[in-house]
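Enquirer: Model the following, please.
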Amino acid sequence: MFGLIGKNIGMTSIFLNNEKNVPCTVIQVNPCYIVQIKTMKNDGYSSIQLGVDEKKNQKTNKPLLGHFKKSGLSPKKKLLEFKVNSVSNFNIGSKISLDIFQEGELVNVKGISKGKGFQGVVKRHNFSGVGEKSHGQHNRLRAPGSIGAGSDPSRVFKGKKMGGRTGKMSITIKNLKILKIDNYKNLIILKGSVPGNKKSYLIISKKK
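Expert: The predicted model follows:
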C-alpha cells in the first residue's frame, strides 16, 4: 500500500533538533478501510477503494448503503481509489493505518486548492495591466488589453489567457518530508504547506 486519505487540520511550526523553527502542516490520518477491490479480470485495472471517517446511515443514500453492506463495513464519509500493481495482498474490510509511513520519509500530497471565485487577468495570470498609472488615468489599469487578431482570423483563439474562475483545482505537492508521526492521535506532521482548506481531504502517497 502506498497511500492513505487524510484531513487537513492546519499549519503550525515546530523546532527541529538543530533548534531551527520550520513551518509545517498537521494532517489527521484516521485508519482507512478497504471497501472494494477491483481486478484486471472484472474491471480492466487493479485498484483498491479506501473509505475513512464514520458517516450516519441517515445521511447515506441507498446505493451507497448497499455498497458498504456488501463489504461488511459501516458507511464512510470519503471514498477514494488507489491503483496498485497487484491486489493479492489485500482483503475487503482490512484496516490500513499510519504504519505504512516512517518519519523522515518523503511523500506526495494531493488535494483541491482553495477556490478564489472570478478573478481578473492581473491576479489570475500575473498580467502587468495596461495604461499609464499617472496623469489621471483610472479606467483600465488592470485590463487585459487587446485580445483579438484583426480581421483575420476575426476570432479569439481557444486557450487565450483571460479572466475567469480561479482555484478549486487538483494540485499535487511533491517531496514533503514527514517530520513527526503520532500513532496515538493518528497525526502526521509534514514540512511545508499543502493544498486546500482546513478540514479538506487529502491523498498522502509514497514517493514513487
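Enquirer: could you say what helices and strands the longest helix belonging to the chain packs with?
Expert: When the chain is parsed with DSSP state H, its longest helix is helix 62-71. Judged by 3 or more CB pairs under 8 Å, 6 or more residues apart in numbering; DSSP states H and E, the packing partners of helix 62-71 are strand 32-38. The way it works is simple: take the backbone N, C-alpha and C, and place the C-beta from them, glycine included.
Enquirer: next helix or strand past the strand it packs on?
Expert: Following strand 32-38 in sequence order, the next helix or strand is helix 40-43 (DSSP states H and E).
Enquirer: What are the contacting residues of that following helix?
Expert: For helix 40-43, the external contacting residues (CB atoms under 8 Å, 6 or more residues apart in numbering) are residue 46.
Enquirer: List the buried residues of it.
Expert: Within helix 40-43, no residue is scored as buried using 16 or more other CB atoms under 10 Å.
Enquirer: And for the next helix or strand after it, what's in contact with it?
Expert: For helix 40-43, the succeeding helix or strand toward the C-terminus, using DSSP H and E, is strand 47-54. For strand 47-54, the surrounding residues in contact (CB under 8 Å, 6+ apart) are 1, 4-5, 7, 30-38, 68, 73-84, 87, 90, 96, 201.
Enquirer: how big is the angle separating the longest helix of the chain from strand 47-54?
Expert: If you take axes from the mean of the first three to the mean of the last three CA atoms, to 10 degrees, helix 62-71 sits at 110 degrees to strand 47-54.
Enquirer: Now helix 62-71: average pLDDT?
Expert: The average pLDDT for helix 62-71 rounds to 92.
Enquirer: ok, now stretch 195-208?
Expert: On average, stretch 195-208 scores 90.
Enquirer: about what we covered before: gap between the longest helix of the chain and the chain center?
Expert: Centroid separation for helix 62-71 versus its chain: 26 Å, with CA atoms, centre = their mean, to the nearest Å.
Enquirer: which of the residues in that helix are buried?
Expert: 64, 67-68, 71.
Enquirer: tell me which of the residues you listed is nearest to residue 149?
Expert: residue 64 (50.2 Å; CB to CB).
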